[in-house]
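J.: Just to be clear, the model below is a prediction. Sequence and coordinates:
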Amino acid sequence: MIKKLLLLLTFTAVSLFAMNFQTASKDELMSIKGIGEKRATAIIKYRKSHKLKSATDLKAIPGIGDEIADNARKGLKNADRKVSKAKKTSTRTKKTTSKAKSLKEEASTKAKATKSKAKETKAKTTKKAKKSAGDKTKRAESKTKKKKSLKKSKAKKEKKKKKN
């Protein structure tokens, strides 16, 4: 019973929104989603020599296919399409914005990594330089110590020789 009621309501709604394509003005035809000025003109020319009883009869007109005929049958208007285009545009903008953000974040991360590598390299280089300088200093000190110890040992040997 409910199914029959729904079916009856559907047919009633379709018949309320149905357009008489045989008498519709150019502006009324252009209000259908997918029909612009050229297709509306083509429909008007076609109906002068043919009778249009339903939206499926529109398929016989060149340039009008299944999709446009379905739009006419369902009563879809061009205003509906403009809203969906706006939604698509905002979605594209959001996607583009999110891509730009992710690319910016990626670039920032790479820049930070490069900076930290540069700091590490500088620290390593400084450490090496200090170590190298320290090694040179130690070597110089050890040479000086050796020279002093050699001088002392020579001086001791000379003293022993003089005593003997």
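T.: Arrived safely, thanks for sending.

J.: Identify the residue nearest the geometric centre of this protein.
T.: Lys99 (3.1 Å; Cα atoms, centre = their mean).

J.: and that residue, which of the three is it?
T.: Under DSSP: H, G, I helix; E, B strand; the rest coil, Lys99 falls in the helix class.

J.: Skipping adjacent residues, who's closest to Tyr46 in space?
T.: Nearest residue to Tyr46, sequence neighbours excluded (Cβ to Cβ, 6 or more residues apart in numbering): Ile61, at 4.9 Å. (Each C-beta comes from the backbone N, C-alpha and C, glycine too.)

J.: Check the burial of the one you found by counting its neighbours.
T.: Neighbour count for Ile61, taken as other Cβ atoms under 10 Å: 19.

J.: With Tyr46 instead?
T.: Neighbours around Tyr46, by other Cβ under 10 Å: 18.

J.: and what of the one 4 residues further on?
T.: The number of residues packed near His50 is 12, by other Cβ under 10 Å.

J.: With Leu58 instead?
T.: Counted by other Cβ under 10 Å, the residues lying close to Leu58 total 27.

J.: Let me see the ranges of the helices in the chain.
T.: For the chain, applying DSSP state H gives helices covering 2-17, 26-30, 37-49, 66-74, 78-163.

J.: buried set for the second one?
T.: Across helix 26-30, burial judged by 16 or more other Cβ atoms under 10 Å covers 29-30.

J.: Which other helices and strands does it contact?
T.: If you count contacts as 3 or more Cβ pairs under 8 Å, 6 or more residues apart in numbering; DSSP states H and E, helix 26-30 packs onto helix 37-49.

J.: Give the other helices and strands that the helix it packs on contacts.
T.: Contacts defined by 3+ Cβ pairs under 8 Å, 6+ apart place helix 37-49 against helix 26-30.

J.: I would like the residues contacting the helix it packs on, please.
T.: The contact list for helix 26-30, computed with Cβ atoms under 8 Å, 6 or more residues apart in numbering, reads 19, 21, 35-37, 39-41, 43-44, 78.

J.: So which of these wins on neighbours?
T.: Ranked by neighbour count (other Cβ under 10 Å), those have Ile43 at the top, with 24 neighbours.

J.: if we can go back for a sec, tell me who's in contact with the residue nearest to the centre of the chain.
T.: By Cβ under 8 Å, 6+ apart, Lys99 lies in contact with nothing.

J.: In the protein, where is pLDDT below threshold?
T.: 4-18, 79-96, 130, 132-136, 138, 164 (pLDDT under 70).
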